[in-house]
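J.: Sequence first, predicted coordinates after that:
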2 protein chains.
Amino acid sequence: MARTREFDTTRALIGAMEIFWRQGFKATNLPELLQAMGLTRGSFYKAFRDKENVYLKALDEYDIAVVAKTLDALKNCNALLASDCLMQIFKPSTNPKQGCFICNAMVELAPDNPLVAAKTNAMANRLKLGIIGVLEKHKIGKSKEHRLELGDVLLHLYFGHQAMGKSCVDQSNWQARLKRILGEA
Amino acid sequence: MARTREFDTTRALIGAMEIFWRQGFKATNLPELLQAMGLTRGSFYKAFRDKENVYLKALDEYDIAVVAKTLDALKNCNALLASDCLMQIFKPSTNPKQGCFICNAMVELAPDNPLVAAKTNAMANRLKLGIIGVLEKHKIGKSKEHRLELGDVLLHLYFGHQAMGKSCVDQSNWQARLKRILGEA
DNA sequence: GCCATTCGGAACCAAATAGTACAAATAAAC
DNA sequence: GTTTATTTGTACTATTTGGTTCCGAATGGC
């Protein structure tokens, strides 16, 4: 048998996710990516084929590590108001300039890369379902259709929030906004 | 005296704006950019110094050519409902994958380039003022503060709409959404 | 302990990158 | 028409790009 792999694949992909998330695909060159993943060229190409493939895997990692955690938080939120639950996705990020990897990927690559578009669409949809779940739980809105639409509006607000956050540090009071939009004001 | 310039600067910048808008900064290489601007390397570097400078100028061109036109349309809209005026900025684009240059620049470059961030922030603010103007005109909301906040919410929705449009062709019914958000439903 | 196999890392490569230098073409001023 | 300044386009360059190759080192099965 052969020598065993010395690095942890998941750990490497988390490093890739972080740097792609922060810098984007084209702005991240190989040396930077290798350092972020903690491995050398040889192992990199042996284990992951090429840069694009790692990017796609990094998106998957984001789904597992970040999106799933967000959905859990939405589902397990026991706050009285729906707005307090949803604030989890509108709260100021620890690193605002980083934004949301889904949003970044949508803007940079999705138009020209169907594989990326498929993943970003899938994650966006998962997020939307999580939001709608909160609305259902709190009996927001008059009908199921109403909630579906409101969920989609909130998803759009979320991505707008992420996009604008990369340019301006807006500390707006989203709590109050959400309350009004949800009819809780 | 010297020979006169053969190309039209504005025309060249419009070409630059279009390709940067469609492809982004890093994804647009020099040959492509030169072709889009209709000039050769010599004239390019003589007249515009470097690629980044052209990108900044292209953002200015967007402000002049696209943002200003949008603001005019918002100001001169004579529809009865505010939602009908605002639909101008939520209507499906002729080229959906292109999105909004401001949004693209915010996500790709603003975090690492203060000059870009300043321009995108300024344009976003101008758009917001245009939106708020519509709200004022139609007496939407209870107070001035209320309108300011609602204008900001609509701006965020706009950018979310643009970001998501680059990934999925969502033909959602924004007309109905706007009506509901504006309290016109 | 031997051997097959895979690892890690550095040297290497071709293509593409943004940017420069320079000579020929050109048009206004006199 | 001559002069002169500037444009224009090509040839060139140094660097960076993603990706490959190859060899010594290490490791697990027999």
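T.: Yep, it's here.
J.: Which residue, other than its chain neighbours, is closest to A:Cys85?
T.: Spatial nearest neighbour of A:Cys85, excluding adjacent residues (CB to CB, 6 or more residues apart in numbering or on different chains): A:Cys77 at 3.8 Å. For glycine as for every other residue, the C-beta is placed from the backbone atoms N, C-alpha and C.
J.: just A:Glu18 next, same as before
T.: Per CB to CB, 6+ apart, closest to A:Glu18 is A:Ala36, 6.3 Å.
J.: Can you list the low-confidence ranges for chain A?
T.: Counting by pLDDT under 70, chain A shows low-confidence ranges at A:1-2, A:185.
J.: Can the longest helix belonging to it be said to contact DNA strand D?
T.: The residue-count maximum for a helix in chain A (DSSP state H) belongs to helix A:114-137. No. Judged by CB under 7 Å from any atom of the strand, helix A:114-137 and DNA strand D are separated, with a smallest distance of 14.4 Å.
J.: same deal with stretch A:58-78?
T.: No. Using CB under 7 Å from any atom of the strand, stretch A:58-78 stays clear of DNA strand D, coming no nearer than 13.7 Å.
J.: Show me what counts as buried in that stretch.
T.: A:58-59, A:61-63, A:66-67, A:70-71, A:74, A:77 (16 or more other CB atoms under 10 Å in any protein chain shown).
J.: got it, and stretch A:162-179?
T.: Buried, per 16+ other CB under 10 Å, within stretch A:162-179: A:162-168, A:174, A:177-179.
J.: ranges for the helices of chain A?
T.: Using DSSP H, the helices of chain A run over residues A:9-23, A:30-37, A:41-48, A:51-62, A:68-76, A:82-90, A:101-108, A:114-137, A:144-165, A:174-181.
J.: Quick one, which of the ones you listed gets closest to B:Leu154.
T.: Relative to B:Leu154, the nearest member of the helices of chain A by CB to CB is helix A:144-165, separated by 9.5 Å.
J.: how much space is there between the residue nearest to A:Glu18 and B:Thr9?
T.: Per CB to CB, to the nearest Å, A:Ala36 is found 41 Å from B:Thr9.
J.: and these two? which has more neighbours close in?
T.: A:Ala36 (20 against 13; other CB atoms under 10 Å in any protein chain shown).
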